[in-house]
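Enquirer: generate a structure from the sequence data that follows.
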Amino acid sequence: MLDSADNTKKMSIIITKGTLDWAYPPFILGTTAAAMDVEVTMFFTFYGLQLLKKDLDLKISTLGNPAMEMPMMGMHMKMPNIVSTIPGVDRMATTMMKNLIKKKGVASIPDLREAAIESDIKMVACQMTLDLFEMDQKDLIDGITLGGAATYMEGALESDINLFI
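Expert: Below is the predicted model of the structure:
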């Protein structure tokens, strides 16, 4: 617990989604804040817990993502929701996104996750979600804290910035 006279800024982030595209905002914002001397806590719950697995297999989901546009053949192609019903479309979108990430030199999620660890970001896995989905802590990366809603609230109440992603 920091002294009340300490001027350290704090940020808490709740991560609820585990797809490739939803993995970027919490890790980019968290590592950027940590680089700016902000004390960061990331609380992974429900599908966000997938981002803490040792073996990542992140995918894109086109379903419910009407704003999705992918640069193709010199233009931006929109992906209407109906295309998500076609077998293989999510796999194709995932491959396209991973290729775009690599082509543009964007850090991978494993690299960003490692940067978060190296930046001393506190990563909390939701114990209730682990139990609910019958997951085991041994399937998650090392250095993770287990906690619940009270653990999150304890940090959030002291935070200057609270984000829900």
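Enquirer: what mean pLDDT does stretch 122-132 have?
Expert: In this model, stretch 122-132 carries a mean pLDDT of 97.
Enquirer: distance between the ends of it?
Expert: Length of stretch 122-132, first residue to last, CA to CA, to the nearest Å: 22 Å.
Enquirer: in this protein, which residue is closest to the centre?
Expert: With distances taken as CA atoms, centre = their mean, the residue of the chain nearest its centroid is residue 23 (3.3 Å).
Enquirer: show me the contacts for residue 91.
Expert: residue 59 (CB atoms under 8 Å, 6 or more residues apart in numbering). From N, CA and C alone the C-beta is placed, and that goes for glycine too.
Enquirer: check the offset of the strand or helix carrying it from the chain's centre.
Expert: Using DSSP states H and E, residue 91 falls within helix 89-103. Distance, stretch centre to chain centre, for helix 89-103: 18 Å (CA atoms, centre = their mean, to the nearest Å).
Enquirer: and the helix or strand following that helix, what's its mean pLDDT?
Expert: The helix or strand immediately downstream of helix 89-103 is helix 109-118, counting by DSSP H and E. Average pLDDT, helix 109-118: 96.
Enquirer: mind listing what's buried in helix 109-118?
Expert: Going by neighbour count (16 or more other CB atoms under 10 Å), the buried part of helix 109-118 is 109, 112, 113, 115, 116.
Enquirer: pretty sure the third one contacts residue 141?
Expert: Yes. Proximity of residue 113 to residue 141 meets the contact threshold set by CB atoms under 8 Å, at 7.1 Å.
Enquirer: sorry, back to before: I'd like the buried residues of helix 109-118 as CSV, with distance to residue 151 appended.
Expert: Shown next, in CSV, are these (distance: CB to CB, whole Å):
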residue, distance to residue 151
109, 24
112, 23
113, 20
115, 23
116, 18
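Enquirer: looking at those residues, which is nearest residue 61?
Expert: residue 109 (15.3 Å; CB to CB).
Enquirer: can you report how many residues neighbour residue 43?
Expert: 26 (other CB atoms under 10 Å).
Enquirer: for it, what are its contacts?
Expert: Residue 43 touches 12, 13, 14, 15, 124, 126, 147, 151, 152, 155, counting by CB under 8 Å, 6+ apart.
Enquirer: same thing but at 10 Å, please
Expert: By CB atoms under 10 Å, 6 or more residues apart in numbering, the contact set of residue 43 is 12-16, 26, 122-126, 145, 147-149, 151-153, 155-156, 164.
Enquirer: what do you get for residue 35?
Expert: 115, 119.
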